[in-house]
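Enquirer: fold the following.
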Amino acid sequence: MQIKYRHYVTPEKTIEHAEILSNRVRNRFRFLSKRFKRQNIDCFRLYDWDIPEIRAIVDWYAGHIVVAEYERIQTGIEWLPQIAKAVGVALEISPEKIHIRRRHTRTQGSQRYTRIGKQDEIIEVMERDLRFYVNLSDFLDTGLFSDHRNTRLILRDMAKGRNFLNLFAYTGTFTCAAAAGNASNTVTVDKSGTYLKWANDNMGLNGLKSKRHTFIQSDVGIFLDRAYDEGRRFTLAFIDPPSFFTYGHNNVDFDINRDHPQLIRKVLSLMTPGSVVLFSTNHQRFRPCMEGLPVKDMIELTPTTIPEDYRNRKVHRSWKIIV
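Expert: Okay, the predicted model is just below:
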């Protein structure tokens, strides 16, 4: 059944939503916090749009919460703050540790580069034996995609002795995973100097900085063309592109559904025989078109890479590509 949303949620409905969400989040926190504490994980999802009429997510960040609304139409100016306040009360979180966001589902993949403030509210969070900086105040995304914690573990387990390439690297969490897994060297590529510095800081936070790990500020398309011309080769790569962005020498628009085969082919041209490429996308309507790629095997890893706190819906899809 298709659900129709009003332009504004009434005050009565807002109170009802707040109560329902508070109860759901409180119970979920009791269950998940014990499980994740045993794994030394203090960043996880508590609510992921489980109830159709409550279009929100709630994430836990080491004693802070981020409450975000998936906007399709305006729900009312006070809806999200009241929802967030109620969740904070349920979890006994002080107001200064409650952070709200308004997101747009279609362009979610490109929001990592959007700055919304300059408060620099940065904290450390743990993911098993790794630590990462997250910024809870200044960007639509915090710097850590915790839905990929299992993917980082998979990549880490295959990194030993590999020459690792991290494209669209964002804050370098996969570079940290590869370095912790004893990759022989890593190359981290992102167009944003802000995020490359953040990636470098994450490496330093984990005691992983060395001359074996390099950071390159570049459009990924330009980097791939230059790397091919220079004869650079890799044995392990991770690709998690935004769903829509401007790409390559000619600044053409990239659409993940239309253009992922060409992107993957360019990456494959840099990989040696026997190497592995992990490819992922968070586009909710992604249509894979990978037939005919020059590879030995391709395995969809999505059931393995999505952790239990995200399993209400497929927050991403992922593949292991063997060259």
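Enquirer: so what's the residue count around residue 250?
Expert: 7 (other CB atoms under 10 Å). For the C-beta atoms, the positions are set from N, CA and C on the backbone; glycine is no exception.
Enquirer: model confidence for it, exactly?
Expert: In this model, residue 250 is scored at 72, pLDDT.
Enquirer: so it sits in a strand?
Expert: No. Looking at residue 250 with DSSP: H, G, I helix; E, B strand; the rest coil, it is coil, so not inside a strand.
Enquirer: the stretch 201-323 of the chain: helices as residue ranges?
Expert: Taking DSSP state H, counting those that start in this stretch as the criterion, the stretch 201-323 of the chain carries its helices at 220-229, 256-268, 302-305.
Enquirer: turn those into CSV, columns for distance to residue 177 and mean pLDDT.
Expert: Output for the helices of the stretch 201-323 of the chain, formatted as CSV (distance: least, CB to CB, whole Å; pLDDT from 0 to 100):
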stretch, distance to residue 177, mean pLDDT
helix 220-229, 19, 96
helix 256-268, 18, 96
helix 302-305, 13, 96
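Enquirer: closest to residue 12 out of the ones you listed?
Expert: Minimum separation from residue 12 across these (CB to CB) falls at helix 302-305, 39.5 Å.
Enquirer: and the closest one, how far out from the chain's middle?
Expert: 14 Å (CA atoms, centre = their mean, to the nearest Å).
Enquirer: show me how this structure divides into domains.
Expert: 11-105, 145-322 (automatic domain parsing).
Enquirer: for those domains, give me CSV that also has distance to residue 139.
Expert: Converted to CSV, these look like this (distance: least, CB to CB, whole Å):
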stretch, distance to residue 139
domain 11-105, 9
domain 145-322, 9
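Enquirer: to residue 70, which of the helices of the stretch 201-323 of the chain lies closest?
Expert: helix 256-268 (18.9 Å).
Enquirer: next, the angle helix 220-229 makes with the closest one.
Expert: 20 degrees (axes from the mean of the first three to the mean of the last three CA atoms, to 10 degrees).
Enquirer: buried set for helix 256-268?
Expert: 256, 259, 260, 263, 264, 266, 267, 268 (16 or more other CB atoms under 10 Å).
Enquirer: looking at these, spot the one nearest residue 102.
Expert: residue 256 (22.6 Å).
Enquirer: need the contact list for the closest one.
Expert: Taking CB atoms under 8 Å, 6 or more residues apart in numbering, we find residue 256 in contact with 109, 241, 242, 243, 244, 281, 283, 286.
Enquirer: at 7 Å instead, please
Expert: Under the criterion of CB atoms under 7 Å, 6 or more residues apart in numbering, the contact list for residue 256 reads 109, 241, 243, 281, 283, 286.
Enquirer: the residues you listed: which two are farthest apart?
Expert: Within the contacts of residue 256, 241 and 286 form the most distant pair, 11.0 Å apart (CB to CB).
Enquirer: these two: which is more packed in?
Expert: residue 241 (23 against 17).
Enquirer: tell me which residue of the chain is furthest from the middle?
Expert: residue 12 (34.6 Å; CA atoms, centre = their mean).
Enquirer: that one is in what secondary structure piece?
Expert: helix 11-38 (DSSP states H and E).
Enquirer: packing partners of the next helix or strand after that helix?
Expert: Note on helix 11-38: by DSSP H and E, the next helix or strand toward the C-terminus is strand 43-48. Here strand 43-48 touches helix 11-38, strand 56-61, going by 3 or more CB pairs under 7 Å, 6 or more residues apart in numbering; DSSP states H and E.
Enquirer: between the domains of the chain, which gets nearest to residue 137?
Expert: Checking the domains of the chain against residue 137 by CB to CB gives domain 11-105 as the closest, at 6.7 Å.
Enquirer: average model confidence for that closest one?
Expert: 91.
Enquirer: returning to that earlier point: quick check: the gap between the residue farthest from the centre of the chain and residue 79.
Expert: Separation of residue 12 from residue 79 (CB to CB, to the nearest Å): 12 Å.
Enquirer: sounds good, over and out.
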